[in-house]
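**Student:** next comes the sequence, and after it the predicted model I'd like to discuss.
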Amino acid sequence: MNFIEKFFAKYPQEKVIKWFKQICIAEAISCFLLYGVAMIWKRYDEEGLLATIFIIIVGNIHGLFFTLYLLLCLPARKIYTWDDEDFVFALLSAFFPFATIWVEKKLARFDRE
């Protein structure tokens, strides 16, 4: 994990915060596109090739944002001074649809008590 902290240490905190917030939103949007659009489309058009291609493309994009979110949780922990409970909650929220928006709104603030 030390190499990840060293990688993000060369960037200013404002830039890492901006990336983290953007990835939180992008992960939630890609999750909606995958579950709310692609899966429903596939159920109604089982033989359609376009639905399958859409699922593959959106699934890969969602996987990229999911991985980036998990990687950016490490420098976010240091920047926002999360304790272990907050950090584990932020990591686990990646596995639940739209929970990353809650992390971005509630945990990713400097004025938390």
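**Tutor:** On my side now, so go ahead.
**Student:** got any ranges where the chain has weak pLDDT?
**Tutor:** For the chain, the stretches flagged by pLDDT under 70 are 1, 110-113.
**Student:** residue at max distance from the center of it?
**Tutor:** residue 47 (31.1 Å; C-alpha atoms, centre = their mean).
**Student:** ok, that residue to residue 56 distance?
**Tutor:** According to C-beta to C-beta, to the nearest Å, residue 47 stands 16 Å off from residue 56. The way it works is simple: take the backbone N, C-alpha and C, and place the C-beta from them, glycine included.
**Student:** so residue 73 sits against residue 90, correct?
**Tutor:** Yes. Here residue 73 reaches residue 90: they are 5.2 Å apart, a contact under C-beta atoms under 8 Å.
**Student:** which of the two has more residues huddled nearby?
**Tutor:** Higher neighbour count among residue 73 and residue 90: residue 90, with 28 against 23, using other C-beta atoms under 10 Å.
**Student:** so who does that one touch?
**Tutor:** Residue 90 is in contact with 73, 76, 77, 82, 103, 107, counting by C-beta atoms under 8 Å, 6 or more residues apart in numbering.
**Student:** just these now: which is nearest residue 35?
**Tutor:** residue 103 (18.4 Å; C-beta to C-beta).
**Student:** now the lengthiest helix in the chain: buried residues?
**Tutor:** Using DSSP state H to define each element, the chain has its longest helix at helix 49-80. Buried residues in helix 49-80, counting neighbours by 16 or more other C-beta atoms under 10 Å, are found at 51, 54-55, 58, 61-62, 65-66, 68-69, 71-77, 79-80.
**Student:** any idea which helix or strand comes after that helix?
**Tutor:** helix 84-92 (DSSP states H and E).
**Student:** alpha carbons only: can I get that next one in PDB?
**Tutor:** Only the C-alpha atoms of helix 84-92 are listed here, as PDB (Å, rounded to 0.1, in the frame of the first residue of the first chain):
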ATOM      1  CA  ASP A  84     -10.600   2.900  10.700                       C
ATOM      2  CA  GLU A  85     -14.400   2.700  11.000                       C
ATOM      3  CA  ASP A  86     -14.900   5.400   8.400                       C
ATOM      4  CA  PHE A  87     -12.400   3.900   6.100                       C
ATOM      5  CA  VAL A  88     -13.900   0.400   6.200                       C
ATOM      6  CA  PHE A  89     -17.300   2.000   5.600                       C
ATOM      7  CA  ALA A  90     -16.000   3.900   2.600                       C
ATOM      8  CA  LEU A  91     -14.500   0.700   1.200                       C
ATOM      9  CA  LEU A  92     -17.700  -1.300   1.800                       C
END
